[in-house]
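predicted structure and sequence below. I'll ask about it afterward.
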Amino acid sequence: MAIALTFIITIILVYFLFKERSRSGELNGLFLRTENEVNFLRLEKEKIEKKSEEKINSLQEKLLYFEKQNELLNQAQQQLEKQKQEWTKDKETILFKLSEDLLKKNQEQQQQAASLQQENIKKITENLFKNFENVTQKLGLLDDEVKKSAKLINDTKSALLSPGGAGRTSEITLENILKSSNLLEKESFSAAGDYILQSHFKSLIESQAKRPDVILFLPNDQIVVIDAKSSPHFLEFWNACESGEESIQKEILGKIKDSFRRHLEELKKRDYEGFLSTELSLKKSNDYKLFSVMFLQTEQMLEIIKKADKDFEQKAFEAGIIVATPVVLIHLLSSVKFIIDRSKQEKNIEVLKVEIAKLLDGLVAIVKESSEVGRFVNKALASYNKLTKNLNRATIVSKNIVELGIGGKKSDQIKLLQEFEAKEEEGDEV
């Protein structure tokens, strides 16, 4: 037992000794590291001290430079103060002189301005009186024009309120649409054209009411008879609508309904076939196919008629009468223009063929003649190139003479002529 204890104790003592030795080794390493760091810090300190000394030296040099510059600035400031004092003295004298000159000029300008102002006032008053006279004259003329326009408005209104005046305005609208349709107007039934107006009819038979306003001639012996219709009740209806009186509106609508039903009945009863047989006299009336058109002056008129009589268009259709407003008539005339032009082309197709053949023959002759002209131009171009070559040789010789010292005033302007390519002639012998 004692031996074992001693052995254990010795082992423990050996362990502690080994541990203390390892600690001493670590302490020695730390000491060496700290010693190296201290040496490094000493070196860094020395470097920093050197840099700080250099900076201090440079700052001292800059301070000396700034002190010198400050001295120079003080000297310059003193000189500026002296110049300022001198300038103030000169300024006072200059300002005094300027003030005297300005006062003199101001007095002169005031005198001139006063005289000019008096002249301008005189001219302005004269112009004012002249303008006043012109204005009074123009006002007198304007008063006369206003009276004339008021009379014209009253005359137009009275014309629209009368059956004849309303009908005439509708006829004028119809004539204007026809004149702008590019259709040709006939001066008489025997003249060339597409339509004829009532004013060109030659007969003055007992019932002038049987005469239509316009007769439109279509191909294949088709004729469109157009009658323009209107009523003074439309203007009365519009005035009643503006005043808002419904009872008067209903009464006027009844009058419009009765009026246009009478127009339909009159158009159905009119003997246009007999009238055309008298006027045309070349063919029997049965050889023509007739179409009747009732023309209304505005689109709004048709709306008012439909409001007054819902069955108006159906009754017109049953009577064989076409109701046309300006828009419908314009479309109808454009279709008629197309049909007439197409018919003329079909009638003249043989003549067109002959004329086109002549045109093609003429083009062939032109092509032949142009080939001959091209051949002669080609020959002329070849001759020109030969002449150009000879002239260019002479030009080169003249340039050589100039280089030898003999030249005129315009010797520098000598240039070679351009040659053009000419095609070789083919078939010259043919």
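Nice, I can see it.

ranges for the strands of the chain?
195-197, 214-218, 222-229, 289-296, 321-324 (DSSP state E).

relative to Lys306, which of those strands is closest?
strand 321-324 (9.7 Å; CB to CB). No exception for glycine: its C-beta is placed from N, CA and C like everyone else's.

in TSV, list the strands of the chain along with mean neighbour count and distance to Glu133.
Below are these laid out as TSV (neighbours: other CB atoms under 10 Å; distance: least, CB to CB, whole Å):
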stretch	mean neighbour count	distance to Glu133
strand 195-197	20	50
strand 214-218	21	54
strand 222-229	22	50
strand 289-296	19	52
strand 321-324	20	56
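
got CSV for those, with distance to Glu355 too?
Below are the strands of the chain laid out as CSV (distance: least, CB to CB, whole Å):
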stretch, distance to Glu355
strand 195-197, 29
strand 214-218, 26
strand 222-229, 29
strand 289-296, 33
strand 321-324, 38
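
the stretch 51-200 of the chain: helices as residue ranges?
Chain-ordered helices for the stretch 51-200 of the chain, with DSSP state H, counting those that start in this stretch as the definition, fall at 163-179.

kindly report the same for the stretch 301-430 of the chain.
312-318, 326-347, 349-403.

confidence-wise, which of the ones you listed is weakest overall?
Mean pLDDT per stretch puts helix 349-403 lowest among these, at a mean of 73.

before we move on, could you check phi and psi at Asn220?
phi 60, psi 40 (degrees, to the nearest 10).

check contacts around Ala220.
To be clear, residue 220 is Asn; Ala isn't right here. By CB atoms under 8 Å, 6 or more residues apart in numbering, the contact list for Asn220 reads 289, 343.

could you check how far it is from Lys289?
Separation of Asn220 from Lys289 (CB to CB, to the nearest Å): 8 Å.

so what's the residue count around Glu187?
Neighbourhood size, Glu187 [other CB atoms under 10 Å]: 11.

renumber starting at 25 from here on
Right, with 25 as the first residue, what we last looked at is Glu211.

that one touches Gly217, doesn't it?
Yes. With contacts counted by CB atoms under 8 Å, Glu211 reaches Gly217, the gap being 7.4 Å.

which parts of the protein belong to which domain?
As assigned by automatic domain parsing, the chain contains the domains 113-185, 187-371.

which of the helices and strands in this protein ranks last by mean pLDDT?
helix 296-304 (a mean of 65; mean pLDDT, DSSP states H and E).

what is the neighbour count of Leu83?
10.

ignore what I typed, I meant Ile373.
Ile373 - counted by other CB under 10 Å - has 9 other residues nearby.

quick one on the thing from earlier: and the domains of the chain, which is most packed in?
Among the domains of the chain, domain 187-371 has the highest mean neighbour count (mean count of other CB atoms under 10 Å), at a mean of 16.

can you give me the offset of it from its chain's centre?
41 Å (CA atoms, centre = their mean, to the nearest Å).

likewise stretch 69-84?
The answer for stretch 69-84 is 80 Å, by CA atoms, centre = their mean.

can you dump the C-alpha coordinates of it into CSV?
Backbone C-alpha positions of stretch 69-84 (Å, rounded to 0.1, in the frame of the first residue of the first chain) are rendered in CSV as follows:
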residue,chain,number,x,y,z
LYS,A,69,6.1,56.1,-34.1
GLU,A,70,9.4,57.1,-35.7
LYS,A,71,7.8,57.2,-39.2
ILE,A,72,4.8,59.3,-37.8
GLU,A,73,7.2,61.7,-36.2
LYS,A,74,9.1,62.2,-39.4
LYS,A,75,5.9,62.8,-41.4
SER,A,76,4.7,65.2,-38.8
GLU,A,77,7.9,67.1,-38.9
GLU,A,78,7.6,67.3,-42.7
LYS,A,79,4.0,68.6,-42.4
ILE,A,80,5.1,71.2,-39.8
ASN,A,81,7.8,72.4,-42.1
SER,A,82,5.5,72.7,-45.1
LEU,A,83,2.9,74.5,-43.0
GLN,A,84,5.5,76.9,-41.8
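
OK, contacts around Lys106?
No contacts exist for Lys106 under CB under 8 Å, 6+ apart.

how much space separates it from Thr112?
11 Å.

picking up where we left off before, make a markdown table out of the domains of the chain and add distance to Lys423.
Formatted as a markdown table, the domains of the chain follow (distance: least, CB to CB, whole Å):
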| stretch | distance to Lys423 |
| --- | --- |
| domain 113-185 | 72 |
| domain 187-371 | 70 |
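
least confident of these, on average?
domain 113-185 has the lowest average pLDDT among the domains of the chain, namely a mean of 74.

now Asp245, what are its backbone angles?
phi 60, psi 40.

how close does the closest residue in space to it that isn't next to it in sequence sit to Ile247?
The shortest distance from Asp245 to any non-neighbouring residue, by CB to CB, 6 or more residues apart in numbering, is to Tyr312 (5.1 Å). According to CB to CB, Tyr312 stands 5 Å off from Ile247.

now Leu405
From Leu405 over to Ile247 (counting by CB to CB), the distance is 67 Å.

and stretch 404-412, what's buried?
Using 16 or more other CB atoms under 10 Å as the test for burial, stretch 404-412 gives Thr412.

tell me the contacts of the residue nearest to Leu353 when sequence neighbours are not counted?
Excluding its sequence neighbours, the residue lying closest to Leu353 (CB to CB, 6+ apart) is Ile201, at 5.8 Å. Ile201 makes contact with 350, 353-354, 357 under the criterion CB under 8 Å, 6+ apart.

nearest approach to Leu411 belongs to which of the domains of the chain?
The nearest among the domains of the chain, by CB to CB, is domain 187-371 at 56.6 Å.

now Lys279: closest residue in space, sequence neighbours ignored.
His257 (4.9 Å).

surely that neighbour and Asp282 touch.
No. Here His257 does not reach Asp282: they are 9.5 Å apart, not a contact under CB under 8 Å.

and Phe336, how far is that from Glu85?
Plainly put, Phe336 is 117 Å away from Glu85 if you go by CB to CB.

oh, that last question was meant for Glu195, not what I typed.
Counting by CB to CB - Glu195 and Glu85 are separated by 115 Å.

and what of Met325?
Met325 is 110 Å from Glu85, by CB to CB.

and for Lys368?
113 Å.

contact partners for Pro350?
197, 201, 321-323.

an error on my part: the question was meant for Phe319.
Phe319 neighbours (CB under 8 Å, 6+ apart): 194, 198, 237, 250-253, 348-349, 353.

rebuild these as CSV, extending it with distance to Leu415.
Compiled in CSV, the contacts of Phe319 are given as follows (distance: CB to CB, whole Å):
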residue, distance to Leu415
Ser194, 83
Leu198, 78
Asp237, 82
Ile250, 80
Asp251, 85
Ala252, 82
Lys253, 88
Ala348, 80
Thr349, 81
Leu353, 76
